[in-house]
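Engineer: Pasting the sequence and the predicted model now:
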Amino acid sequence: MSNHAVAHWTRTSATWLGCAVPVSLLLAACGGGGGSKPAPAPAPPPPVAIKPTVLALGDARAAKGLDGQALLGFRLALRADANFPAQVSFTVEGGTGGASCAAGVDYLTPASTSMSLASGSSERQFNLQVCPGSASADKVLTVRWNDGANSGTASGTIRANSIAAGAGIENSKRLNDTGIAACASAGANGLACPQTGFAGQDAETGRDANERVVGQGSYKTTGFVMTVLPGSACVQDSVTGLVWEGKSGTGLHAPDNTYTWLLRNGANGGATGTANGGVCSGSNCDTESFVAAVNAERWCGFSDWRLPTADELSGIVDAGATAAPTIRAQFAGQAAAPYWSASPKAGDAAGAWMVDFNSGVVGAVAKTSPQRVRLVRGN
């Protein structure tokens with residue numbers, strides 16, 4: 001029985017059935033007594049307020065491509081004290097949605113407009129598939145979220161199709177950050193930021209420092225926003241707008257296939273390279289043949305795949321990775337090994353640039369050297 005109930009029961013006197021005791025001890029001192037009233041049920045506890053889970057939903061950008069679908073990926077940033085599991089719902093405003101791009105809609109209606117968040121979940125992103133086609137002006141889609149306690153909005157822009165036929169997706173021209181999210185002193189790495197006497201470090205600025213996803217008590221950098229495209233192993237980079245070839249299984253896209261560098265038409269630095277000098281399956285084992293085979297296959301629905309430049313390839317190196325390969329986990333089949341770029345080495349016609357995903361180092365090797373390849377599409 002609560003003190004409030006006792007005080008109400010004995011409001012006329014502090015003496016009851018011959019017992020003079022403090023109100024708070026009344027029932028314990030005197031007992032129930034013959035025919036006494038039963039104690040009322042305790043008052044229910046006050047309702048527990050729903051703790052907000054979502055801190056913000058990041059804006060997204062994608063272009064409307066001429067050859068295949070693009071992706072708008074809205075990244076969820078969570079509170080450090082978020083309660084799990086949590087349910088977040090979404091609605092989409094602006095543009096038109098539908099079940100098929102053939103109907104001339106702007107985006108495919110999501111199969112689900114809610115997301116259940118567990119503490120160990122690595123992907124916390126709401127995706128919209130953008131349809132190809134023509135548009136006379138940019139269109140802005142607004143996603144409204146609600147986690148049961150808070151709500152908010154984020155926007156994504158479908159770019160007008162002003163690019164030339166066959167050019168593919170026009171991206172945002174933004175660059176990824178390095179992935180370094182810890183600071184260093186003169187004698188140690190992996191330290192919290194800032195460090196006295198060592199100001200202006202990489203981890204203190206840029207997307208790595210300013211855009212983070214929180215989970216299981218620790219921060220996870222969103223310097224990279226990579227999403228596996230539905231139904232494929234291809235990876236959309238929502239920061240740069242590029243789409244990367246997915247590796248899986250055996251055959252043409254086997255992760256361990258190697259190729260010699262070959263480019264007979266275009267900027268090859270003065271030497272075409274070496275034909276069919278690697279070890280692979282599904283095509284001749286050189287970069288030119290591999291690109292042609294992947295485009296003929298329309299891998300992941302696209303036919304404008306190409307060899308990435310050295311800058312593009314080094315842009316997906318995660319310099320904050322604690323173990324090789326130095327790349328985000330969304331890239332399935334990635335080896336801790338060198339990968340060819342399309343960039344020939346200036347002043348050395350026999351060489352071209354590669355990126356080593358064991359160390360993250362960019363270097364040049366002979367075009368006759370068999371290396372792995374991961375293709376890219378986008379501008």
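Structural biologist: Great, that's in hand. Residues are numbered from 1 along each chain as shown.
Engineer: separation between residue 259 and residue 355?
Structural biologist: Distance of residue 259 to residue 355, computed by Cβ to Cβ, to the nearest Å: 15 Å. Glycine gets a C-beta too; all of them are placed from N, C-alpha and C.
Engineer: now residue 182
Structural biologist: Here the criterion is Cβ to Cβ. By it, residue 182 lies 22 Å from residue 355.
Engineer: can you check residue 253 too?
Structural biologist: To residue 355, residue 253 is 19 Å away according to Cβ to Cβ.
Engineer: ditto for residue 77
Structural biologist: Look at residue 77 and residue 355: by Cβ to Cβ, they are 29 Å apart.
Engineer: Where does the prediction get shaky in the stretch 251-379 of the chain?
Structural biologist: Low-confidence segments of the stretch 251-379 of the chain (pLDDT under 70): 379.
Engineer: change it to 80
Structural biologist: Along the stretch 251-379 of the chain, segments meeting pLDDT under 80 span 378-379.
Engineer: quick one, helices of it?
Structural biologist: Counting by DSSP state H, counting those that start in this stretch, one finds helices in the stretch 251-379 of the chain at the ranges 287-297, 310-314.
Engineer: mind listing what the residue positioned nearest the centre of the chain touches?
Structural biologist: Centre of the chain computed as the mean C-alpha position; nearest residue by Cα atoms, centre = their mean is residue 225, 3.8 Å away. When contacts are counted by Cβ atoms under 8 Å, 6 or more residues apart in numbering, residue 225 is found next to 58, 73, 75, 125, 237-239.
Engineer: Kindly present those as a markdown table, with separate columns for pLDDT.
Structural biologist: Formatted as a markdown table, the entries for the contacts of residue 225 read as follows, by pLDDT from 0 to 100:
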| residue | pLDDT |
| --- | --- |
| 58 | 63 |
| 73 | 76 |
| 75 | 73 |
| 125 | 77 |
| 237 | 83 |
| 238 | 74 |
| 239 | 77 |
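Engineer: Among the residues you listed, which are located in strands?
Structural biologist: With strands identified by DSSP state E, the entries of those that belong to them are 73, 75, 125, 237.
Engineer: And the helices of the stretch 251-379 of the chain: which comes nearest residue 271?
Structural biologist: Within the helices of the stretch 251-379 of the chain, the stretch nearest residue 271 is helix 287-297; the backing value is 13.2 Å (Cβ to Cβ).
Engineer: What are the buried residues along that closest one?
Structural biologist: Buried residues in helix 287-297, defined by neighbour count with 16 or more other Cβ atoms under 10 Å: 287-291, 293-295.
Engineer: Can I get those in CSV including distance to residue 377?
Structural biologist: Listed next are these as CSV, based on distance: Cβ to Cβ, whole Å:
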residue, distance to residue 377
287, 15
288, 16
289, 18
290, 14
291, 11
293, 15
294, 10
295, 9
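Engineer: closest to residue 319 among the residues you listed?
Structural biologist: After measuring the buried residues of helix 287-297 against residue 319 - Cβ to Cβ - the closest member comes out as residue 287, at 25.6 Å.
Engineer: Assess the claim that the closest one and residue 308 are in contact.
Structural biologist: No: contact status for residue 287 versus residue 308: not in contact, 10.8 Å apart, counting by Cβ atoms under 8 Å.
Engineer: Check the contact lists of the two and give me the overlap.
Structural biologist: Contact criterion Cβ under 8 Å, 6+ apart; residues bridging residue 287 and residue 308 by contacting each: residue 342.
Engineer: now residue 248: how far from residue 299?
Structural biologist: Residue 248 sits at a distance of 11 Å from residue 299 (criterion: Cβ to Cβ).
Engineer: out of these two, which sits in the busier spot?
Structural biologist: residue 299 (21 against 13; other Cβ atoms under 10 Å).
Engineer: That one touches residue 244, doesn't it?
Structural biologist: No: with contacts counted by Cβ under 8 Å, residue 299 stays clear of residue 244, the gap being 10.9 Å.
Engineer: Quick check: neighbours shared by these two?
Structural biologist: With Cβ under 8 Å, 6+ apart applied, the overlap between the contact sets of residue 299 and residue 244 consists of residue 234.
Engineer: which of residue 182 and residue 355 has more neighbours?
Structural biologist: With other Cβ under 10 Å as the criterion, residue 182 and residue 355 differ in neighbour count, and residue 355 comes out ahead with 26 against 17.
Engineer: mind listing what the more buried one touches?
Structural biologist: Taking Cβ under 8 Å, 6+ apart, one finds 310, 313-314, 317, 338-339, 341, 361-362 in contact with residue 355.
Engineer: Just the buried residues out of these, in PyMOL syntax.
Structural biologist: Buried subset of the contacts of residue 355, written as a PyMOL selection, criterion 16+ other Cβ under 10 Å:
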select buried, resi 310+313+314+317+338+339+341+362
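Engineer: Using a markdown table, lay out the contacts of residue 355 together with distance to residue 280.
Structural biologist: Formatted as a markdown table, the entries for the contacts of residue 355 read as follows, by distance: Cβ to Cβ, whole Å:
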| residue | distance to residue 280 |
| --- | --- |
| 310 | 22 |
| 313 | 19 |
| 314 | 24 |
| 317 | 24 |
| 338 | 15 |
| 339 | 14 |
| 341 | 18 |
| 361 | 24 |
| 362 | 23 |
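Engineer: Appreciated, that's everything.
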